[in-house]
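S.K.: Sequence plus predicted model, see below.
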Amino acid sequence: MGIFVRKKKDNDNETDKRISLVATQPLARPSRLQKYEESLSKVKPKEVDTLASQETEDQKEEATPPLSEWFTMGEENFFEKEVYTLVRRRVQELLLTTQDQAIETLTTQEAESVVRPLYEQALVEEGLALSHQEKQELFSAVMAEILGYGPVQPFLDDPSVTEIMVNGPHQIYVERRGKIEKTKSRFQDNEHVMRIIERIVAPLGRRIDESSPMVDARLPDGSRVNAIIPPLALNGPTITIRKFSKIPFTVEDFIRFGTFTREFATFAEAAVKARLNVVVSGGTGSGKTTTLNVLSAYIPHDERIITIEDSAELQLKQEHVVRLEARPPNIEGKGAITIRDLVINALRMRPDRIIVGEVRGGEALDMLQAMNTGHDGSMTTAHSNSPRDTLARLETMVLMAGMDLPLRAIRQQIASAMDLVIHQERMRDGSRHVVRVSEIVGMEGDTILMQDIFVFREEGVVSGKIVGRLQPSGIRPMVLDKIEKAHIELPPEVLALPDRKTFEL
């Protein structure tokens, strides 16, 4: 077990204590590491290159895994747990004693140039002999712990990962291409997870502890973070990170992905420029906010836009944008600023358009009031299972405002304010599609009338992927009058209308 022990120095009391502790305490898995060393000692140097060719199939199955695989054996791997901890702590000690400038203030390249020699020194002091690949993996882990977000940092850097789910210290799942998969990475313990959570929320002035065990936050790149800790999270501290592309998606990207068609994109551009009020609806993870981001690109650059969100996620490209973010209560339970407060305040800020990241409560009433009082072209998102269900949820959320309004009056407000509902779903193959675009055409009695403009037609499944297309219904929409009043012309083929004369009557 000499791999964990370096020679004793006369003036190094702390090192004496650490060596004594490692040498005297029983190892968590000594037999596995001993087996690995014994398997190496049995192979003569000249036989290393020819060993693989001489092994039988049975011998290959019994062979000890290479040293690099010891990094991925999880919490039961003594090598990963102890060596990583020793090296990380030693590097941090050297940083404290040799660096006057805070490492966090340096760029990534500058920090690596500072940490690299200290890392090499720590390896020598700890007596570790690793291959080039193993040294690089361990260095990346140390850098992620010092500057980044620990074990989740590689997934934050991976553009194919769209969501990261930490279920306690020993389970990390990621979403790739709409599918969830388990990773081999993990944290050391609950305290390790808590350090990363604190690193995320501290710069935002937010806190998480037993008295306030839930928090919403965001990373510097805009990725959304939710954390919940014991006693509410029984599996241990839990983190959910919804990543956002470093380069925001464009309309062309969505057409290429098959999220919607070029005909829909042409219609959506006309609707946004004609200042129609739009709600993007869908379930969790269906891509509502991303679609809202893409649609906002059609807003003219000479308009003043105010965005209101719980946690800032929207990435608008326009220059004249004012971003507002809700604030949770402080440790005394005071000082909370809700989305509803921000919507009311935004009306005094001379907005041309108001974009609310998501309505989920009483702010729905104020949003409808804004749409009905001259702030046309406003946009928002809402959780629902269909366009019709979106209207029912809006009714419920208006009632949550505490106003004792009759249901008919609420429906009249919705019918008057809303123009379009764009509904999006995450399909069973993990892909995301706009599946229905409906307009609100008015009321008949106590019922809000809707009609479909575009509907997704599923054609089948090829190699596990759903094949289909968002097709126009062929019905002349009522909102076409507003589009034409804005002096915007739509080609008849966009809506599959038979002839231009049809909608001039």
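M.R.: Noted; the coordinates are in hand.
S.K.: Ile241: which element?
M.R.: Ile241 belongs to strand 238-242 when elements are defined using DSSP states H and E.
S.K.: same deal with Arg199?
M.R.: helix 190-201.
S.K.: Could I get the buried residue list for that helix?
M.R.: Taking 16 or more other C-beta atoms under 10 Å as the neighbour-count basis, helix 190-201 is seen to contain the buried residues Asn190, His192, Val193, Met194, Ile196, Ile197, Ile200, Val201. (Glycine included, C-beta is placed from N, CA and C.)
S.K.: Please name every helix or strand in contact with the strand holding Ile241.
M.R.: Where contact means 3 or more C-beta pairs under 8 Å, 6 or more residues apart in numbering; DSSP states H and E, strand 238-242 is packed against strand 161-167, helix 190-201, strand 224-228.
S.K.: try it again with 6 Å
M.R.: In terms of contact count using 3 or more C-beta pairs under 6 Å, 6 or more residues apart in numbering; DSSP states H and E, strand 238-242 is assigned the packing partners strand 161-167, strand 224-228.
S.K.: Contacts for the next helix or strand after it, please.
M.R.: On the C-terminal side of strand 238-242, the closest following helix or strand by DSSP H and E is helix 251-257. With C-beta atoms under 6 Å, 6 or more residues apart in numbering as the test, helix 251-257 has contacts from Phe260, Arg262, Ala265, Val294.
S.K.: What's the first helix or strand after helix 251-257?
M.R.: Following helix 251-257 toward the C-terminus (DSSP H and E): helix 262-273.
S.K.: for that following helix, which positions count as buried?
M.R.: Of the residues in helix 262-273, those buried under the neighbour-count criterion (16+ other C-beta under 10 Å) are Glu263, Phe264, Ala265, Thr266, Phe267, Ala268, Glu269, Ala270, Ala271, Val272, Lys273.
S.K.: Hmm, Val455 and Val435 touching each other?
M.R.: No. Between Val435 and Val455 no contact is recorded; they are 7.4 Å apart, counting by C-beta atoms under 6 Å.
S.K.: and the two? which has more neighbours close in?
M.R.: Per other C-beta atoms under 10 Å, whichever of Val435 and Val455 has more neighbours is Val435, with 22 against 15.
S.K.: Burial check on Glu493, number of neighbours?
M.R.: By other C-beta under 10 Å, the residues close to Glu493 number 10.
S.K.: Am I right that it sits in a helix?
M.R.: Yes. Counting by DSSP: H, G, I helix; E, B strand; the rest coil, Glu493 falls inside a helix.
S.K.: leaving aside the residues next to it on the chain, what's closest to it?
M.R.: Using C-beta to C-beta, 6 or more residues apart in numbering and skipping the chain neighbours, the partner closest in space to Glu493 is Glu263 (7.4 Å).
S.K.: For the one you found, report the pLDDT, please.
M.R.: In the prediction, the pLDDT value recorded for Glu263 is 94.
S.K.: That one and Val494 touch, don't they?
M.R.: Yes. Between Glu263 and Val494 a contact is recorded at 4.9 Å, counting by C-beta under 6 Å.
S.K.: Keeping just the C-alphas, turn the helix or strand hosting Gln136 into CSV.
M.R.: Gln136 belongs to helix 132-146 when assigned by DSSP H and E. What follows is helix 132-146, C-alpha atoms only, in CSV (Å, rounded to 0.1, in the frame of the first residue of the first chain):
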residue,chain,number,x,y,z
HIS,A,132,-0.6,10.3,-18.3
GLN,A,133,-4.4,9.7,-18.7
GLU,A,134,-5.0,9.1,-15.0
LYS,A,135,-3.0,12.2,-14.1
GLN,A,136,-5.1,14.3,-16.5
GLU,A,137,-8.4,12.8,-15.2
LEU,A,138,-7.4,13.5,-11.6
PHE,A,139,-6.2,17.0,-12.5
SER,A,140,-9.6,17.7,-14.2
ALA,A,141,-11.4,16.5,-11.1
VAL,A,142,-9.3,18.7,-8.8
MET,A,143,-9.8,21.8,-11.1
ALA,A,144,-13.5,21.1,-11.2
GLU,A,145,-13.6,21.1,-7.4
ILE,A,146,-11.5,24.2,-7.0
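S.K.: what angle do that helix and helix 190-201 make?
M.R.: Note on geometry: by axes from the mean of the first three to the mean of the last three C-alpha atoms, to 10 degrees, helix 132-146 and helix 190-201 are set 60 degrees apart in direction.
S.K.: helices or strands next to helix 132-146 in the packing?
M.R.: With contacts defined as 3+ C-beta pairs under 6 Å, 6+ apart, helix 132-146 has these neighbours: helix 78-98.
S.K.: Quick check: buried residues in the next helix-or-strand element following the helix it packs on?
M.R.: Heading C-terminal from helix 78-98, the first helix or strand you meet, by DSSP H and E, is helix 108-126. Neighbour-count burial for helix 108-126, counted by 16+ other C-beta under 10 Å, picks out Ala111, Val114, Val115, Leu118, Tyr119, Ala122, Leu123, Glu125, Glu126.
S.K.: which one among those gets closest to Asp209?
M.R.: Distance to Asp209 across the buried residues of helix 108-126 (C-beta to C-beta) is lowest for Ala111, with 29.4 Å.
S.K.: Roughly how far does the closest one sit from Phe139?
M.R.: For Ala111, the distance to Phe139 under the criterion C-beta to C-beta, to the nearest Å works out to 12 Å.
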